[in-house]
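A.B. asks: Pasting the sequence and the predicted coordinates here, then a few questions.
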Amino acid sequence: MSTSWAPDETTAQLLNERYIFIGQFIGAFGYGVHLTLFIQCVHALFGRKFSRHSWAMLIFVCILFILGNIGNATSIFYAQKTFIDDRNYPGGPGAFFFEQSTQWSAVLCNSVYIVNTWFQDGLLLYRFWTIYSRNYYIVVIPALAFLTSLIMSAILIAVLCRPGNTFWTALSVKLAIPYWAISISMTVILTALIAGRLMFMRYRLKKLVGANSSMPYVTTTAMFVESAAVYSINGIIFLVAYGLSDPTQNLWLPLLGQTQSIAPLLIILRIARGQAWSGATMDQLTTAAMRKMNAGSNTVLDTVTYSGRRTGSPQDEEKQDEGGIRVAVV
């Protein structure tokens, strides 16, 4: 007869603890992706001519990386207390994980990940404004949604810092669900609008420069990255599980904290490499197509040199060194 060393807990309790444990590994995987993208962003930013916009992007990615490090470290430390330091807690590690999340490590972890959403949502809103030709009227409603989620999340952080309140107490849930719902729904809507805009621009550019043209600004990858779809997908899955009090939420919450940094870093990496859509992109590519038609070129690849503006920069006024950039239009 084999001896069982299983703890005296119900099947549901053990399943919940497995989700918590596996979620830590999924979150660590997300942190590895975050670290890799951070290094790539820094390398790409140092590889271009530095300006105040480049410095702003570098500071932005450093802030995201610092917050991601704090969140990942405190999450691991709290998991250590859950499964090792205080494993004899009444009810088991699962009970400790929920009931003792008022400890400083859990509060700090939740807080920095909430702050991360401010930066992620803010950058997505900025990219939406840029891709829609910097139309201030079209960003009014998304900006109000962003402001609402920011205020609600700030209140949620204050509530979590009060003794006795955890991420799963009634007051926290009442604040967290509307906050996540607003933030994620705004992201989903902007995701769809950005992807739709890029698809429309892809159609227009194909009309201008031909169906076989190389257009890095409007590829499927560009639509996925520019719209922060990776965060939207992760956020929807987590929000549904959290709202239903399903234990699978513990699989997605640690990863969500990292995708809040991964999504903006993917966007910044494209900007730093000159592959992201900017306010001048359409004008530049249209001019390139017109020059090609006027020249009567029949070559497979026509390279046009521009002076003054860098395609994909966060601001059109950023100057380009060495007299211009070279853009493949066909």
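C.D. replies: Alright, I've got the coordinates. In this text the structure is predicted, and so the values were computed from the model without any measurement.
A.B. asks: CA only for contacts and neighbour counts going forward, please
C.D. replies: Noted.
A.B. asks: Who are the packing partners of whichever strand or helix holds Ala106?
C.D. replies: If you go by DSSP states H and E, Ala106 is part of helix 104-131. When contacts are defined as 3 or more Cα pairs under 8 Å, 6 or more residues apart in numbering; DSSP states H and E, helix 104-131 packs onto helix 52-80, helix 140-160, helix 170-209, helix 249-272.
A.B. asks: what's the closest of those helices to Ala229?
C.D. replies: When the helices and strands packed on helix 104-131 are compared by Cα to Cα, helix 170-209 sits nearest Ala229, at 6.2 Å.
A.B. asks: got the angle for the closest one vs helix 104-131?
C.D. replies: 30 degrees (axes from the mean of the first three to the mean of the last three Cα atoms, to 10 degrees).
A.B. asks: elements contacting helix 170-209?
C.D. replies: helix 104-131, helix 140-160, helix 220-226, helix 229-243, helix 281-295.
A.B. asks: chain center to it, what's the gap?
C.D. replies: 12 Å (Cα atoms, centre = their mean, to the nearest Å).
A.B. asks: could the helices and strands packed on helix 170-209 go into JSON lines alongside distance to Glu9, mean neighbour count and mean pLDDT?
C.D. replies: Conversion of the helices and strands packed on helix 170-209 to JSON lines gives the following (distance: least, Cα to Cα, whole Å; neighbours: other Cα atoms under 10 Å; pLDDT from 0 to 100):
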{"stretch": "helix 104-131", "distance to Glu9": "24", "mean neighbour count": "21", "mean pLDDT": "90"}
{"stretch": "helix 140-160", "distance to Glu9": "29", "mean neighbour count": "18", "mean pLDDT": "92"}
{"stretch": "helix 220-226", "distance to Glu9": "43", "mean neighbour count": "20", "mean pLDDT": "61"}
{"stretch": "helix 229-243", "distance to Glu9": "23", "mean neighbour count": "19", "mean pLDDT": "86"}
{"stretch": "helix 281-295", "distance to Glu9": "60", "mean neighbour count": "16", "mean pLDDT": "59"}
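A.B. asks: Which among those helices is found nearest to Ile182?
C.D. replies: helix 140-160 (6.1 Å).
A.B. asks: can you list the weak-confidence ranges in this protein?
C.D. replies: 1-3, 205-227, 275-330 (pLDDT under 70).
A.B. asks: which residues does the spatially most central residue of the chain contact?
C.D. replies: Centroid check for the chain by Cα atoms, centre = their mean gives Ala263 as the closest residue, at 2.6 Å. By Cα atoms under 8 Å, 6 or more residues apart in numbering, the residues touching Ala263 are 120, 225, 228-231.
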